[in-house]
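Asks: Dropping a prediction and its sequence here:
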Amino acid sequence: MDEITINIEIADRRYPLKIARADEEQLRKASAMINERMKSFSRHYSFKDMQDQLALIALQFATTSLKYESELAFSDQHLKRKLAELNALLDERSNP
């Protein structure tokens with residue numbers, strides 16, 4: 001496994017991480033998303049400390065993740081149903 005060490009900055013703190021080289025771009029994008037969300041929250045809301053802000057951002061990301069998981073599960077079920085219908089049609093045509 002090709003590992004590298006990178007420094008990710010979130011909320012003005014640096015975090016050295018040892019990661020797979022293939023994950024670097026995704027981790028950098030994720031940290032940039034968090035930092036951008038923090039800037040946006042700072043413009044719109046006042047927080048007593050950064051932990052409150054990070055907690056709400058984590059909640060927002062987790063909620064979005066759950067929404068997409070639910071949509072994906074629904075799509076998977078729909079796809080399985082359609083594939084079963086196609087298989088049934090193919091079986092009918094091959095076994096008249």
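Replies: Yep, it's here.

Asks: give me the element the residue nearest the centre of the chain is part of.
Replies: Compute the mean C-alpha point of the chain, and by C-alpha atoms, centre = their mean the closest residue is Ser65, 5.6 Å away. Taking DSSP states H and E as the criterion, Ser65 maps to helix 50-94.

Asks: which residues of this structure score low on pLDDT?
Replies: 96 (pLDDT under 70).

Asks: same thing but 80
Replies: Counting by pLDDT under 80, the chain shows low-confidence ranges at 1, 95-96.

Asks: Can you say which helix or strand has Leu17 in it?
Replies: Per DSSP H and E: Leu17 is located in strand 13-20.

Asks: Quick one: list the elements packing against whichever helix or strand comes after that strand.
Replies: Downstream of strand 13-20, the first helix or strand assigned by DSSP H and E is helix 24-44. Applying 3 or more C-beta pairs under 8 Å, 6 or more residues apart in numbering; DSSP states H and E, we find helix 24-44 packed against strand 3-10, helix 50-94. Using the backbone N, CA and C atoms, a C-beta is placed for each residue, glycine as well.

Asks: Give me the packing partners of the longest one, helices and strands only.
Replies: Right, the one you point to is helix 50-94. Under the contact definition 3+ C-beta pairs under 8 Å, 6+ apart, helix 50-94 sits against helix 24-44.

Asks: can you give me the angle the helix it packs on makes with strand 3-10?
Replies: Going by axes from the mean of the first three to the mean of the last three C-alpha atoms, to 10 degrees, helix 24-44 is angled at 10 degrees with respect to strand 3-10.

Asks: Helix 24-44 vs helix 50-94, what angle?
Replies: Using the same axes, to 10 degrees: helix 24-44 against helix 50-94 is 130 degrees.

Asks: Quick one: distance of helix 24-44 to the chain centre.
Replies: The chain centre lies 13 Å from the centre of helix 24-44; the measure is C-alpha atoms, centre = their mean, to the nearest Å.

Asks: And for stretch 79-86?
Replies: What separates the centre of stretch 79-86 from the centre of its chain is 27 Å, taken as C-alpha atoms, centre = their mean.
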